[in-house]
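Trainee: Sequence plus the predicted model coming up.
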Amino acid sequence: MVIDTDVLIWILRGHDDYKRQFEEAVQTTRGLVFITPVQVAEITAGVRPKESDRVHEFLNALNLVNLGREEGLKAGEFMGAFGKSHSLTLADALIAAVVKNYSYCLWTLNRKHYPMLNKPDFFEAEVKK
């Protein structure tokens with residue numbers, strides 16, 4: 001499973017339901033919970049200095065899927081197909097490319113950002129806001 005930035009933010013903010021669901025996901029997947037350099041960059045861009053150590057420790061505890069040529073090619077295809085019509089960002093295209101290339105599911109709160117993914121590509125979380 002790949003965790004999108006929006007979910008990571010709720011976990012880092014200490015939201016109990018997201019933390020519980022994250023812990024369950026880690027157990028269910030036997031620790032196969034992933035992020036990409038995209039999430040690392042997005043999270044680090046908004047980190048306050050006093051939160052830096054805790055946030056970096058959390059991000060370092062997650063598995064990282066590095067982006068390579070295949071992810072770049074797939075993201076380019078997604079940008080060509082959905083960039084203008086759906087205002088697709090390169091960041092979301094790269095995350096979706098990882099999901100597709102590795103047959104992972106994505107835990108996100110913004111499914112509309114991923115028009116190239118289908119219902120089975122998403123992680124169904126039971127979280128109350």
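Mentor: Ah, there it is.
Trainee: what about the closest residue in space to P37 that isn't next to it in sequence, how many neighbours?
Mentor: Spatial nearest neighbour of P37, excluding adjacent residues (C-beta to C-beta, 6 or more residues apart in numbering): L67 at 6.0 Å. Any C-beta I mention is one placed from the backbone N, CA and C, and that applies to glycine too. For L67, the neighbour count with other C-beta atoms under 10 Å is 17.
Trainee: List the buried residues of the host helix or strand of D6.
Mentor: Here D6, judged by DSSP states H and E, is contained in helix 5-12. Neighbour-count burial for helix 5-12, counted by 16 or more other C-beta atoms under 10 Å, picks out 5, 7-12.
Trainee: and for stretch 110-121, what are the contacting residues?
Mentor: For stretch 110-121, the external contacting residues (C-beta atoms under 8 Å, 6 or more residues apart in numbering) are 4, 6, 78, 81-82, 86, 88-89, 92-93, 95-96, 99-100, 105-106, 108, 122.
Trainee: Just the buried residues out of these, in PyMOL syntax.
Mentor: Filtering the contacts of stretch 110-121 down to the buried ones (16+ other C-beta under 10 Å) takes a single PyMOL command:
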select buried, resi 4+78+82+88+92+93+95+96+99+100+105+106+108+122
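Trainee: taking the contacts of stretch 110-121 one by one, which sit in helices?
Mentor: Among the contacts of stretch 110-121, the members falling in helices (DSSP state H) are 6, 78, 81-82, 92-93, 95-96, 99-100.
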